[in-house]
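Student: Kindly return the folded structure for what I paste below:
(chains A and B)
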Amino acid sequence: MADASPRTALDDVLDDERHRHTRFVVYSDDPPTDVEHALASRNATVARRDLPRGCRTDFVVVERDGAFAGALGLAELRHLLTPPVVRPDDPDDAAPGYRALFDVLDDTVFTALTRRSLHVVSREIEERAYRVGRGALHVTFQTERTFAAQRDVYEVLCTETALDVHLYSPDEWTIPVPAGATYHETTAACAPYWALAFRHDEHACGLLAREEPDGFRGVWTDDAETVARIAAGIECDCIARDTA
Amino acid sequence: MSERTDGSQEAAERVQRSRLDDSCYRALSTARRRRVLSVLLDGRERDIDELATLLVGAHAADTNSMATPTDRRRARIHLRHVDVPRLTDADLVRHDRERDTIRLGDVPQPVHAVLGERDG
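Tutor: Next comes the predicted model:
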C-alpha cells in the first residue's frame, strides 16, 4: 500500500526482542491469580507446579530462553507488578535481590508502559551513565520540548563525564546543544520511538519503546548485545537523511 | 573364641549404628539438607539442577529476596559436592550418578519426625 510506513531498524530490534522467550514457573498449591494473567500479558508463558514439600512460601522461577534467570516469592512479584512500579532512589544501595529482579523484569518486552514510567527508566539509564562516566550514550527525543526539560541533565553529563553523548530528534532544535554532545536530526519514521542506549563493556543498559494507541511497548535491558543493537538501530534509522 | 567373635560383632554393630547416627545427624544439621529431604519425600526423582532451582526459589520466597543465576550456580555446586554426598553417606538419598538424579533412600522414622516438625 502506498501509505505503509517504511520499516525502520528499530522496528526490527523491537520485533526480535518480542520473540525472545520468557517463562515464569509458579510453585503454588493455590488457584492461579491475577498476577499470572499479568505475567502472560508480558509476552511470557506461565507454567504451574505444586509447591514442593518442605517449602513454606509460594515462589516463581523466571527462565529466559530456557535458562534460569532468577527466582522470587510470588507475593514479592505481585507487589512489584502492581503499578506504580517503585524503584530505589539509588540502585547501588538497593538489595541485590531487588536489582536482580529488575534485571529480569526489565529485560522483558513490556506492554502499555506509561510516559511517566519511561521517564523513570530513562533517568535510571542516565544516572548509570553518569556514575560510570565513560562509554557512549545515544538518546532520542521525540520533540525539542522533551529535550528542553532534560537539557540541564545532559549539560552535566557532558561537562562532568567523559561520555560520548549523541542526541537524536525529528524536531529541528533551536535550543543550544550542550558542548560536547552531538545532535543528529532524524527521519520522521523514528518519531514514535523513545530510545536510550548506554554502550559500555560492563555496564551497558538501554531502553527502546514505541508509542502506540494504548501506550508504549518496548524493552528495557541490561544485555550488552541488545543495547548494541538498539544503538545501531538509532544510528541506522535516525541519522539525518539528505533532504536534497 | 565364639564369644569373642560375638562380642566383636556387637561392638561392630554398635560402631556401625553410631556411625549411622553420626552421619544422619550430620546430614540433618543444615536447613538446606532438611529441605532437600523434605522435597524428596513426595517420592519423585529430581535432578540436581531442579533441586538447586527449588532451593534458591524457596529461600528467596522465605527471605523476600531475589535469587540470581549465581545463587543457583552456588547452590548446585554445594548440592553436588557437600549436601548430596552427606545425604548419600547417611543412606538418606540415592544418587544416580549416570543420570545425575536424586531420590529418597532409607529414611528412618525419627528423621521423618524431624522433617515434619522443623521443615514441613
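
Student: When you work out contacts or count neighbours from here on, use the C-alpha atoms and nothing else.
Tutor: Noted.

Student: give me phi/psi at residue 46?
Tutor: All of this refers to chain A. A:V46 adopts backbone torsions of phi -120, psi 130, taken as degrees, to the nearest 10.

Student: should've been chain B
Tutor: Backbone torsions of B:R46, given as degrees, to the nearest 10, read phi -130, psi 150.

Student: Could you check how far it is from A:L113?
Tutor: As for B:R46, its distance to A:L113 is 40 Å (criterion: Cα to Cα, to the nearest Å).

Student: where exactly do the helices run in chain A?
Tutor: For chain A, the helices defined by DSSP state H occupy A:9-18, A:34-40, A:74-81, A:96-106, A:115-132, A:144-160, A:224-238.

Student: so how far is the last one off the chain centroid?
Tutor: Put plainly, it is helix A:224-238. What separates the centre of helix A:224-238 from the centre of its chain is 13 Å, taken as Cα atoms, centre = their mean, to the nearest Å.

Student: in chain B, which ranges drop under the pLDDT threshold?
Tutor: For chain B, applying pLDDT under 70 flags the ranges B:1-20, B:117-120.

Student: Run through the residues of it sitting next to chain A.
Tutor: Counting by Cα under 8 Å from any Cα of the partner chain, chain B comes close to chain A at B:35-36, B:38-42, B:53-54, B:56-58, B:60-62, B:64-69, B:119-120.

Student: residues in contact with the spatially most central residue of chain B?
Tutor: In chain B, the residue lying closest to the centroid (Cα atoms, centre = their mean) is B:L87, at 3.2 Å. Residues counted as contacts of B:L87 (Cα atoms under 8 Å, 6 or more residues apart in numbering or on different chains) are B:24, B:27, B:33, B:93.

Student: If you rank those residues by neighbours, which is first?
Tutor: B:A27 (25 neighbours; other Cα atoms under 10 Å in any protein chain shown).

Student: Quick check: chain neighbours aside, which residue is closest to B:R34?
Tutor: With Cα to Cα, 6 or more residues apart in numbering or on different chains as the criterion, B:R34 has its nearest non-adjacent residue at 5.6 Å, and that residue is B:L28.

Student: ok, how many other residues are close to that neighbour?
Tutor: B:L28 has 23 neighbours, counted by other Cα under 10 Å.

Student: same thing with A:V26?
Tutor: Neighbours of A:V26 (other Cα under 10 Å): 23.

Student: What separation is there between it and chain B?
Tutor: From A:V26 across to chain B, the span is 10 Å (Cα to the nearest Cα, to the nearest Å).

Student: one step back: turn the helices of chain A into TSV, including mean neighbour count and mean pLDDT.
Tutor: Converted to TSV, those look like this (neighbours: other Cα atoms under 10 Å in any protein chain shown; pLDDT from 0 to 100):
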stretch	mean neighbour count	mean pLDDT
helix A:9-18	18	79
helix A:34-40	15	73
helix A:74-81	17	84
helix A:96-106	19	50
helix A:115-132	17	91
helix A:144-160	15	94
helix A:224-238	21	86
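
Student: nearest to A:F216, of these?
Tutor: In terms of Cα to Cα, the element of the helices of chain A nearest to A:F216 is helix A:115-132, at 7.4 Å.

Student: and that closest one, C-alpha only, in CSV?
Tutor: Written as CSV, here are the backbone C-alpha positions of helix A:115-132 (Å, rounded to 0.1, in the frame of the first residue of the first chain):
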residue,chain,number,x,y,z
ARG,A,115,5.2,8.0,29.6
ARG,A,116,5.8,8.6,33.3
SER,A,117,7.3,5.1,33.7
LEU,A,118,9.5,5.7,30.7
HIS,A,119,10.8,8.9,32.3
VAL,A,120,11.7,6.9,35.4
VAL,A,121,13.6,4.3,33.3
SER,A,122,15.3,6.9,31.3
ARG,A,123,16.5,8.7,34.5
GLU,A,124,17.9,5.3,35.7
ILE,A,125,19.9,4.9,32.5
GLU,A,126,21.2,8.4,32.5
GLU,A,127,22.2,8.1,36.2
ARG,A,128,24.1,4.9,35.4
ALA,A,129,25.9,6.5,32.6
TYR,A,130,26.8,9.4,34.9
ARG,A,131,28.1,7.1,37.6
VAL,A,132,30.2,5.1,35.1
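
Student: picking up where we left off before, quick one: the helices of chain A as CSV, columns for distance to chain B too.
Tutor: CSV is the format used below for those (distance: least, Cα to the nearest Cα, whole Å):
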stretch, distance to chain B
helix A:9-18, 21
helix A:34-40, 16
helix A:74-81, 6
helix A:96-106, 4
helix A:115-132, 20
helix A:144-160, 32
helix A:224-238, 17
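
Student: Export those as JSON lines, with columns for distance to A:I175.
Tutor: Shown next, in JSON lines, are the helices of chain A (distance: least, Cα to Cα, whole Å):
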{"stretch": "helix A:9-18", "distance to A:I175": "26"}
{"stretch": "helix A:34-40", "distance to A:I175": "42"}
{"stretch": "helix A:74-81", "distance to A:I175": "38"}
{"stretch": "helix A:96-106", "distance to A:I175": "32"}
{"stretch": "helix A:115-132", "distance to A:I175": "20"}
{"stretch": "helix A:144-160", "distance to A:I175": "7"}
{"stretch": "helix A:224-238", "distance to A:I175": "19"}
